[in-house]
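Engineer: pasting a predicted model and its sequence here:
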2 protein chains.
Amino acid sequence: MVKRSIPDIVIGRLPVYLRALNFLVAEARQITSSQELGDRLGISSAQIRKDLSHFGEFGKQGTGYDITFLHKQLSEILKVDRMWNVALVGAGNLGKAVADYPGFAGKGFNITVIFDNEPAKIGQVMGVNKVKVQPAEELAATIREHGIVVGIIATPAEFAPATARTMIDAGVKAILNYAPITIMVPAGVRVQYIDPVVGLQRMTYYLP
Amino acid sequence: MVKRSIPDIVIGRLPVYLRALNFLVAEARQITSSQELGDRLGISSAQIRKDLSHFGEFGKQGTGYDITFLHKQLSEILKVDRMWNVALVGAGNLGKAVADYPGFAGKGFNITVIFDNEPAKIGQVMGVNKVKVQPAEELAATIREHGIVVGIIATPAEFAPATARTMIDAGVKAILNYAPITIMVPAGVRVQYIDPVVGLQRMTYYLP
């Protein structure tokens, strides 16, 4: 059902739709519409219908979308109907906050290994999964051993590029980077950035 | 020069362009092209040219963009050629990491007040600006006193909606929310979400 070469910008909106659906599920709702989703997300209903049409027919004109069905379909398309083990590097305040983040539950991700290069951090147990922090030197071997392909970088900027290289050499294909630095990756590897500045600057445009 | 009713989705890409320009400035580069920016960002060069054309002429065909000039123009358009004082609520691991974030420097934002509702946190000094954490009850009065219009929520999910209401009642117009919960805001107020799940799910689509 999934067609090839869907624009990346469309793929990028699907997790946002999925998040909105999660909130609707939490509200025990059963049916929604592109209009309601659009109003919640600040995206036009036409855009939402067009994005979803890349993947088939999810709703009937006039009856809206079945929330559970659409949630299941989007989860499958995004491959988060399964659990991805995640390697987290950096166990400072940010890393701890990421490890403690309750929002990963049921969204397809599980932080199963955590690394730091500070001796004081090694052996600390942290996060919702009560993971013991390992020394950074064990990163490559552990990623290989567990076949991990998803990594999160929560180190200071100066350690981020080397951390990414180690992750990628060991088989990681998707990196979420919190460090304020661009990471160059080879073809076949993806990076997404968590950058509060981008979110803030997007809003100041509208301020008087 | 700025036209009215630029699509929000275009506005949302400008901070990403600005971030790429920041990295080019750091590399002491002087000229770039929509092609190079596009390659770095995974956005088509045509999209970048189209987005920028909403705001006027920034480059000449064949000669590329002057990085310093484009940086200055985008900063002005996004209104980050000035400094916005920011109120941060939540001084746990996440709040500390946000207060310590070195990436705000020179990007238009300055965390000048920090709040928490835990007595143990009050009076702690944290972040790049060495701000003393105030009790949450002082949030509204402090926002009003300083005329703050930008807020960051780094509280647990259960405190986020009430925090947002207090901020908005006191005059905040732009909220960056780290808590994994949707915040309803009245017209004229904007929310952006920092959600690692959205970044991760956007990449798993491409994983085998």
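Structural biologist: Good, I have the coordinates.

Engineer: where does chain A dip in pLDDT?
Structural biologist: A:1-4, A:60-61 (pLDDT under 70).

Engineer: which of the residues in stretch A:23-32 are buried?
Structural biologist: For stretch A:23-32, burial by neighbour count (16 or more other Cβ atoms under 10 Å in any protein chain shown) applies to A:24, A:32. (C-beta placed from N, C-alpha, C; glycine too.)

Engineer: please, where are all the strands along chain A?
Structural biologist: A:31-32, A:59-60, A:64-66, A:84-89, A:109-116, A:125-126, A:131-135, A:150-153, A:174-177, A:190-193 (DSSP state E).

Engineer: return the most buried member of those strands.
Structural biologist: strand A:150-153 (a mean of 28; mean count of other Cβ atoms under 10 Å in any protein chain shown).

Engineer: distance of the residue nearest the centre of chain A relative to chain B?
Structural biologist: Central residue of chain A (Cα atoms, centre = their mean): A:Leu176, 7.2 Å from the mean position. Separation of A:Leu176 from chain B (Cβ to the nearest Cβ, to the nearest Å): 5 Å.

Engineer: quickly note the distance from that residue to A:Val185.
Structural biologist: 12 Å (Cβ to Cβ, to the nearest Å).

Engineer: do the same with A:Asn117
Structural biologist: Distance from A:Asn117 to A:Val185, by Cβ to Cβ: 21 Å.

Engineer: and A:Gln30, by the same measure?
Structural biologist: 41 Å.

Engineer: list the contacts of the longest helix seen in chain A.
Structural biologist: The residue-count maximum for a helix in chain A (DSSP state H) belongs to helix A:8-26. By Cβ atoms under 8 Å, 6 or more residues apart in numbering or on different chains, the surrounding residues in contact with helix A:8-26 are A:32, A:37, A:40-41, A:43, A:47-48, A:51-52, A:54, A:67-68, A:70-71, A:74-75, A:77-78, A:80, A:107, B:42-43, B:181-182, B:193, B:195, B:197-199, B:201-202, B:205-206.

Engineer: buried ones among these?
Structural biologist: Using 16+ other Cβ under 10 Å, the buried members of these are A:32, A:37, A:40-41, A:43, A:47-48, A:51-52, A:54, A:67, A:70-71, A:74-75, A:77-78, A:80, A:107, B:43, B:181-182, B:193, B:195, B:197-199, B:201-202, B:205.

Engineer: filter those down to just the ones in helices.
Structural biologist: Using DSSP H, those in helices are A:37, A:40-41, A:47-48, A:51-52, A:67, A:70-71, A:74-75, A:77, B:197-199, B:201-202.

Engineer: count of neighbours near A:Phe55?
Structural biologist: Neighbour count of A:Phe55, defined by other Cβ atoms under 10 Å in any protein chain shown: 17.

Engineer: need phi/psi at it.
Structural biologist: Main-chain torsions, A:Phe55, degrees, to the nearest 10: phi -110, psi 0.

Engineer: please report the distance of it from A:Gly123.
Structural biologist: A:Phe55 is 45 Å from A:Gly123, by Cβ to Cβ.

Engineer: which residues touch A:Leu139?
Structural biologist: By Cβ under 8 Å, 6+ apart, the neighbours of A:Leu139 are A:87, A:89, A:115, A:163, A:166-167, A:170.
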